[in-house]
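Novice: Sequence plus predicted model, see below.
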Amino acid sequence: MNRYYYLILIILLPFNVFSQLNKELVVYSQEINADSLKNNVEELQNFGSRYAFNPNRVEIANYLKNRLQEYGWDAKLDSFYMENFQYPYHSGIINTGWQYNVVADKKGIYNPDTFFVVGAHYDSYASYDTLTYFNNSPGADDNASSVAAILEIARMFQKYNIQPIKTLRIELYAAEELGLHGSNYAIQQSHYRYNEHIAAMMNLDMIGYNPDTINADSVKLVYYDNSQEFTQFCEQTALNYTSLIPNTTTEFQQNSDSWSYYSWGRKAIFLQESQMHPFYHTHNDLSTTLNYNYMKKITQLAFSIAYLASTTNQYYPISIKEITSQPQFTLQLKTNPVKDKIQFTYTSTNSQDTRFQIINQMGKIEKEGKLSNHKVFSSQYSIPIPHLKQGIYLLKIENQVEKIIVVSPLS
């Protein structure tokens, strides 16, 4: 679809469309950090090579698993064996050994048996450098960029204690460059061994290169013929929550891990940079060639899709049963942004004395105490915050309910 058509479409959208945006998501997505993305890419690049049969492959897999565990995800290695695999093709070089997918789940609180999968391959090679591809394949764009984005998404879910209603799964695949082996193994395990129900799969592959040309604000959405509704959901998410213009295409459909899921009848989409990296599959695919502001935008899109698909019923709605055995909580802010005090209504079936915390963007607790000390009347509360600087904070009551608070300057 033409980018100018999208601009006209945005102009013609009624105002109330924007008023219905998910306010928490708007705040969260702004916290995606370009420096964090760059650090993630360079950490992966520093392995020198991530070629599938290099001896460091288990070290790389454990590094990724540990990063996800640090962010509070239930992460593990899922290994598979490749035997008598000839690569390069027709070279006479025979490769045999274990490969290691990295799998991490954030369990859904209402329907843990329905999965939304976010995937990317972490291996790399420099196939156009015939003498060096084993030992010198930094793979910054292909595909450290996408792994970096997924690590940033994992960080955001941990930072804001985001709880999905469906299980959100992260999959980082081994041996993609040799024929989509990691993702093929993953979907076969899901289908045969676990009989899992997958709502959809979002694949990221090469999302960091953009030379600030006319296409600087566009992103490719590589779609499949069984995924029309999911594709439309991703397009609308791009328009609502990012400045990117989504360009739907069937280009490279079979060239990345989403193809494995599509081949097994699952709905899938593939996010990719608008212009192919000129040093793709060479030793010059380096961090210094990437556009991290552009990469941040695609990461914001991927985060927004993952957030809406796993924490809301905007895509693939599920039945949400009220859990009556657990205490029920409601928290309603009187105003937001706030200035010198936070006023709100809070009700709970929990009879215990309740504590609160106000947490800044770095995770530091700025204020905490007993909520009862700030009770005004019945379920009305007012917490003074004269010392808080302008910015974004989290009001957290016990471990059950929280709200984003925007503190504006005193007039």
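Specialist: Thanks, I have the structure now. Residues are numbered from 1 along each chain as shown.

Novice: Low-confidence ranges, the stretch 51-200 of the chain, go.
Specialist: 129-133 (pLDDT under 70).

Novice: Helices along that one, start to end?
Specialist: 57-70, 145-159, 181-188 (DSSP state H, counting those that start in this stretch).

Novice: Pipe those into CSV and attach distance to residue 245 and mean neighbour count per row.
Specialist: C-beta: built from backbone N, CA, C; applies to glycine. Output for the helices of the stretch 51-200 of the chain, formatted as CSV (distance: least, Cβ to Cβ, whole Å; neighbours: other Cβ atoms under 10 Å):
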stretch, distance to residue 245, mean neighbour count
helix 57-70, 31, 18
helix 145-159, 19, 25
helix 181-188, 28, 23
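
Novice: Of the ones you listed, which is nearest residue 239?
Specialist: For residue 239, the closest of the helices of the stretch 51-200 of the chain is helix 145-159, at 19.6 Å, according to Cβ to Cβ.

Novice: Show me the contact partners of that closest one.
Specialist: For helix 145-159, contacts defined as Cβ atoms under 8 Å, 6 or more residues apart in numbering pick out 28, 31-33, 36-38, 40-41, 44, 64, 67-68, 71-73, 104, 106, 118, 120-122, 162, 168, 170, 172, 204-209, 290, 295, 298-299, 302-303, 306, 363.

Novice: Over to stretch 286-298?
Specialist: 32-35, 37-38, 41-42, 45, 138, 140-141, 144-145, 148-149, 204, 207-212, 216-217, 219, 242-244, 271, 273, 277, 279.

Novice: Find the nearest non-adjacent residue to residue 43, please.
Specialist: residue 63 (7.7 Å; Cβ to Cβ, 6 or more residues apart in numbering).

Novice: Find the residue ranges of the stretch 301-411 of the chain scoring beneath the pLDDT cut-off.
Specialist: Flagging of the stretch 301-411 of the chain using pLDDT under 70 yields the residue ranges 321-328, 349-352, 399-400, 411.

Novice: And the strands in it?
Specialist: Secondary structure of the stretch 301-411 of the chain, counting by DSSP state E, counting those that start in this stretch: strands at 329-333, 341-348, 355-359, 365-370, 375-377, 380-384, 391-397, 401-407.

Novice: For residue 199, find the nearest of these.
Specialist: Taking Cβ to Cβ, strand 401-407 is the member of the strands of the stretch 301-411 of the chain nearest to residue 199, at 25.5 Å.

Novice: Summarise which helices and strands that closest one is packed against.
Specialist: Packed against strand 401-407 by the contact rule (3 or more Cβ pairs under 8 Å, 6 or more residues apart in numbering; DSSP states H and E) you find helix 23-29, strand 329-333, strand 341-348, strand 391-397.

Novice: switch to 7 Å and redo it
Specialist: Here strand 401-407 touches strand 329-333, strand 391-397, going by 3 or more Cβ pairs under 7 Å, 6 or more residues apart in numbering; DSSP states H and E.

Novice: what's the offset of the longest one from the middle of its chain?
Specialist: Right, strand 391-397. Relative to the centre of its chain, strand 391-397 is centred 22 Å away, using Cα atoms, centre = their mean, to the nearest Å.

Novice: Could you give me the buried positions within it?
Specialist: The neighbour-count check on strand 391-397 (16 or more other Cβ atoms under 10 Å) flags 393-397 as buried.

Novice: Also stretch 265-280?
Specialist: 266-274, 277, 279-280.

Novice: gap between the residue lying closest to residue 117 once chain neighbours are set aside and residue 382?
Specialist: Sequence neighbours aside, residue 201 is the residue nearest to residue 117 in space, at 4.2 Å (criterion: Cβ to Cβ, 6+ apart). Going from residue 201 to residue 382 by Cβ to Cβ, to the nearest Å gives 46 Å.

Novice: Who has more neighbours out of the two?
Specialist: residue 201 (30 against 13; other Cβ atoms under 10 Å).

Novice: May I have the strands that pair with the helix or strand where the more buried one lies, each with its orientation?
Specialist: According to DSSP states H and E, residue 201 maps onto strand 197-204. Here strand 197-204 has these sheet partners by DSSP bridges: strand 111-121 (parallel), strand 268-273 (parallel).

Novice: For those strands, give me a markdown table that also has distance to residue 176.
Specialist: As requested, those are exported to a markdown table (distance: least, Cβ to Cβ, whole Å):
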| stretch | distance to residue 176 |
| --- | --- |
| strand 111-121 | 3 |
| strand 268-273 | 12 |
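
Novice: closest one to residue 359 among those strands?
Specialist: For residue 359, the closest of the strands paired with strand 197-204 is strand 111-121, at 25.9 Å, according to Cβ to Cβ.

Novice: mind listing what residue 205 touches?
Specialist: Under the criterion of Cβ atoms under 7 Å, 6 or more residues apart in numbering, the neighbours of residue 205 are 120-121, 143, 146, 256, 270, 272.

Novice: go with 8 Å
Specialist: By Cβ under 8 Å, 6+ apart, the contact set of residue 205 is 120-121, 142-143, 146, 255-257, 270-272.

Novice: Residue 380 too?
Specialist: Residue 380 touches 343-345, counting by Cβ under 8 Å, 6+ apart.

Novice: of the residues you listed, closest to residue 320?
Specialist: residue 345 (22.7 Å).

Novice: nearest residue to that closest one other than its sequence neighbours?
Specialist: residue 332 (4.5 Å).

Novice: do you know how far the one you found is from residue 161?
Specialist: 19 Å.

Novice: which residues touch the closest residue to residue 386 other than its chain neighbours?
Specialist: Leaving aside its sequence neighbours, residue 386 sits nearest to residue 340 (Cβ to Cβ, 6+ apart; 5.2 Å). Neighbouring residues of residue 340 by Cβ under 8 Å, 6+ apart: 384-386, 410.
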